[in-house]
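In: generate a structure from the sequence data that follows.
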Amino acid sequence: METINGCTVVAPSSRPARLKEAKRRLDEELDVECRANAAYKACRARGVMKDGRRFGRPPDPYQPPAPPAGKISVTNPDSRNVKTSRGWVQATTPEPASPPSRS
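Out: Predicted coordinates:
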């Protein structure tokens, strides 16, 4: 037995009993969340706050940004947009030159 907030709680000892208790709690939590969401939607549908004032206009719907113009090289994975004095240019990043191996 365990006491939580002044209430005595008996923890079930068998696995099926614990699973039933966990499912009951999850269902109860889901029910509370659904009722709260329904109350929120009803409040928004009325269009009036608790103090009697009306809501402002609804927010603008999300509009994803337009796809960027231009092409990206798919043949060279090292190629990427690079900032230059003329703006952004599709180019490869410079790699250090290595001396030829001597045999």
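In: residue 63: what secondary structure?
Out: Judged by DSSP: H, G, I helix; E, B strand; the rest coil, the three-state class of residue 63 is coil.
In: how close does it sit to residue 22?
Out: Here the criterion is Cβ to Cβ, to the nearest Å. By it, residue 63 lies 42 Å from residue 22. C-beta: built from backbone N, CA, C; applies to glycine.
In: ok, these two, which is more surrounded?
Out: In this comparison of residue 63 against residue 22, neighbours counted by other Cβ atoms under 10 Å, the higher total goes to residue 22 at 11 against 6.
In: check which helix or strand covers the more buried one.
Out: Secondary structure here is read from DSSP states H and E; on that basis residue 22 sits in helix 15-46.
In: what residues sit buried inside that helix?
Out: Applying a neighbour-count criterion of 16 or more other Cβ atoms under 10 Å, one finds nothing buried in helix 15-46.
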